[in-house]
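> Whatever this is, show me its structure:
(one chain, ligands or ions: 1)
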Amino acid sequence: MIEIRELTKTYGRVDAVRDVTFTAAPGRVTGLLGLNGSGKSTTLRILLGLARPTRGAALINGSRYRDLDHPLRHVGAVLEQGLSHPGQTGYAHLVTQALLGGLARNRISGLLEYVGLEHAAAKRTGDYSLGMRQRLAVATALLGEPNVLVLDEPANGLDPPGMGWLRELMRAHTAGGGTVLISSHLLAELEQVVDDVVIIGQGRILAAGPMTELSGASRLRIRGGDQLRLAQGYEQYGATVSVDGDVLLVAGITPEQAGDIALHLRVPIYELVAETQHLEDIFMSVAEAR
Ligand SMILES: Nc1ncnc2c1ncn2[C@@H]1O[C@H](COP(=O)(O)OP(=O)(O)OP(=O)(O)O)[C@@H](O)[C@H]1O
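Residues are numbered from 1 along each chain as shown. Sure, this is the predicted structure:
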């Protein structure tokens, strides 16, 4: 469980984040989205004890990172910066990290297999591809069997099978009751895996909620026998209507209401499609609204 409460971090005169509050719940993948410089990394760095907040708190399983007894047993993180000594093998890297973190070494072989690096265990990490390095970073994050995973742009460098693997890994983690907080600007990728979304812009929360709720605020594409009467009828009902060629784009009413209103007006409907909003649309509409 991650709780970010009224978090503010000021650098000089810049508020990198301001009054940011959200929760990443157990059993769910929460996506933290924002443009470059919006405050994602600052939030994650504070959460992981790498920076101090000016105000507010960032809690993992109810405690600040630095108050956790064995932090690596609570939280595993994949951050953007590189991780390992290039001359070390993948296996040696994990042994070093386990020793530094006071963690057992007996899971290392299994973890290398779990992240698909069993054949590269004896290879120097300097010779790893970007995708292999990301896999090693994930294995490192999992060393302490944490129930909270924090992933900052983890898809960078992963090819499509790698992305699929990462999605499965996140799903398996939350299926076991774990918490995942993932930041990414790859919205189409993120859409396939997130349960909850937090959109941040200029250090502030712009929108937050379950993906199903945010994408459910969908638009209807409607083509009927008398477009003008339909448009007037929907507007009277409080819907927002715009015209796109020979279809009406209607927001603010359900498909059932749209059908009932048309029936009441005795206008036949030839086409009625509820368009679910993609993460990219949701992101653009909240980003533009500010
Ligand atoms: N150490 C720092 N000193 C001064 N300003 C900083 C520092 N860290 C971040 N900032 C500023 O705070 C704001 C938020 O930055 P942050 O790195 O959190 O954004 P981000 O959403 O992670 O962006 P990106 O996707 O580019 O990593 C930016 O305006 C940035 O310039």
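> going forward, measure contacts between C-alpha atoms and count neighbours the same way
Noted.
> The residue positioned nearest the centre of the chain pairs with what?
Note on the chain: the residue nearest the mean C-alpha position is Gly31, at 1.5 Å, using C-alpha atoms, centre = their mean. Applying DSSP bridges to Gly31 gives these bridge partners: Ile182, Val197.
> show me what contacts it?
Residues in contact with Gly31 (C-alpha atoms under 8 Å, 6 or more residues apart in numbering) are 181-184, 190, 194-198.
> Tell me which two in these are the farthest apart.
Of all pairs drawn from the contacts of Gly31, the greatest distance, 14.2 Å, lies between Ser184 and Asp195 (C-alpha to C-alpha).
> now the residue nearest to the centre of the chain: how far from the ligand?
Distance check for Gly31 against the ligand: by C-alpha to the nearest ligand atom, to the nearest Å, it reads 13 Å.
> Name the helix or strand for the residue lying closest to Leu94 once chain neighbours are set aside, please.
Take Leu94 and drop its neighbours on the chain: the residue closest to it by C-alpha to C-alpha, 6 or more residues apart in numbering is Thr140, 6.2 Å away. Under the criterion of DSSP states H and E, Thr140 resides in helix 130-142.
> If you count contacts, what does that helix end up packed against?
In this structure, helix 130-142 packs against strand 75-78, helix 90-101, helix 108-114, with contacts taken as 3 or more C-alpha pairs under 8 Å, 6 or more residues apart in numbering; DSSP states H and E.
> right, and these - which one's nearest Ser218?
Ser218 sits nearest to strand 75-78 of all the helices and strands packed on helix 130-142, at 33.8 Å, using C-alpha to C-alpha.
> Give the rounded mean pLDDT of that closest one.
Predicted confidence along strand 75-78 averages 94 (mean pLDDT).
> repeat for stretch 142-153
Averaged across stretch 142-153, pLDDT comes to 94.
> do the same with stretch 34-51
The predicted confidence, averaged over stretch 34-51, sits at 91.
> What residues of that stretch count as buried?
Using 16 or more other C-alpha atoms under 10 Å as the burial criterion, the residues of stretch 34-51 that qualify are 34, 38-49.
> for stretch 178-192, same thing?
Applying a neighbour-count criterion of 16+ other C-alpha under 10 Å, one finds 178-185, 187, 189-191 buried in stretch 178-192.
> that older thread, would you mark the buried spots in the helix holding Thr140?
Residues of helix 130-142 classed as buried by neighbour count (16+ other C-alpha under 10 Å): 130-142.
> quick check, nearest of these to His173?
Relative to His173, and with distances defined as C-alpha to C-alpha, the nearest of these is Leu142, at 10.2 Å.
> The closest one: what's its closest spatial neighbour, skipping adjacent residues?
Spatial nearest neighbour of Leu142, excluding adjacent residues (C-alpha to C-alpha, 6+ apart): Gly76 at 5.9 Å.
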